[in-house]
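Return atomic coordinates for the entry below.
(one chain, ligands or ions: 2)
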Amino acid sequence: MNTIKIAPSILSADFSHLADEIIKIDEAGADLVHIDVMDGHFVPNLTFGPPVVAAIRKITNLPFDVHLMVTNPQDLIVPFVKAGADIITIHAETAPHMHRLIQNIKECGKRAGISLNPSTPLAVIEEVLSDVDMILIMSVNPGFGGQKFIPNAINKIARLKTMIDERKLTVDIEVDGGINAATAQQVIAAGANILVAGSAVYGAPDIKQAIKSIRGID
Ligand SMILES: O=C(CO)[C@H](O)[C@H](O)COP(=O)(O)O
Ligand SMILES: [Fe+2]
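Ligands and ions are numbered 1, 2, ... in the order given. Have a look, this model is predicted:
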């Protein structure tokens, strides 16, 4: 059975038709909606806040996978939960009290993820691996869509998969940045099971076909 989940990133959607763009990925077989929240501080770009997420919550029943690229994630957990997030991922680089924030997310009844920049070692999540639902491995430096995949992510995913399996844990491995049909097969082979794709989905002439190709079923 193919258990790979595809999370199209609406960062690459046409914002002037955001509702239609979300309906498109829903009808095309997406498993999650990936929402990139950028604060213009942790990353050099500004995107969506809770009011936008609350508005699009009415458009689809797909789970919302909220990727917080913000300097003070502790201030935004509850607002994004209230707006309709299902998974909240914070960056390890922004969270000295990572364990507390993971508990805060879980106390809200939501799934908790930790993301690592390409230059951040896996060692920083060792002590919280049994507490999280998901680790998000960045395969580009966060901030923009349409960047080139950084190949070191493949080995990093494989090492993370070994850590998870050795501890007999059930933790999703998500990968984000530069994912297309070709890089998808490499990260799936390494152990990733949730694939974020922005430009490879929204830039494709046939979104349904693009999602299938990334999933690896044709
Ligand atoms: O978190 C992100 C950037 O910081 C985006 O989710 C990511 O870049 C997706 O876009 P693409 O698939 O075009 O690389
Ligand atoms: Fe993202």
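
Which secondary structure state is assigned to whichever residue of the chain sits closest to ligand 2?
Residue nearest to ligand 2 within the chain: residue 67 (3.8 Å; C-beta to the ion). From N, CA and C alone the C-beta is placed, and that goes for glycine too. Classification of residue 67 using DSSP: H, G, I helix; E, B strand; the rest coil returns strand.

That one bridge partners, please.
For residue 67, the beta-bridge partners are residue 36, residue 89 (DSSP bridges).

residues contacting it?
Shown in contact with residue 67 (C-beta atoms under 8 Å, 6 or more residues apart in numbering): 34-37, 89, 115, 136, 176, 196.

Any chance of JSON lines for those residues, columns pLDDT and distance to ligand 2?
Below are those laid out as JSON lines (pLDDT from 0 to 100; distance: C-beta to the ion, whole Å):
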{"residue": "34", "pLDDT": "99", "distance to ligand 2": "6"}
{"residue": "35", "pLDDT": "98", "distance to ligand 2": "8"}
{"residue": "36", "pLDDT": "98", "distance to ligand 2": "4"}
{"residue": "37", "pLDDT": "98", "distance to ligand 2": "9"}
{"residue": "89", "pLDDT": "99", "distance to ligand 2": "8"}
{"residue": "115", "pLDDT": "99", "distance to ligand 2": "8"}
{"residue": "136", "pLDDT": "99", "distance to ligand 2": "7"}
{"residue": "176", "pLDDT": "99", "distance to ligand 2": "4"}
{"residue": "196", "pLDDT": "99", "distance to ligand 2": "5"}
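
Looking at those, which is nearest residue 53?
For those, the minimum distance to residue 53 (C-beta to C-beta) is 6.2 Å, reached by residue 35.

so how far is ligand 1 from that closest one?
9 Å (C-beta to the nearest ligand atom, to the nearest Å).

Wait, that residue touches residue 63, no?
No. Judged on C-beta atoms under 8 Å, residue 35 makes no contact with residue 63 at a distance of 10.6 Å.

which one of these two has more residues nearby?
residue 35 (24 against 19; other C-beta atoms under 10 Å).

The more buried one: what's its closest spatial neighbour, skipping adjacent residues?
Nearest residue to residue 35 in three dimensions, chain neighbours excluded: residue 66, at 4.9 Å (C-beta to C-beta, 6 or more residues apart in numbering).
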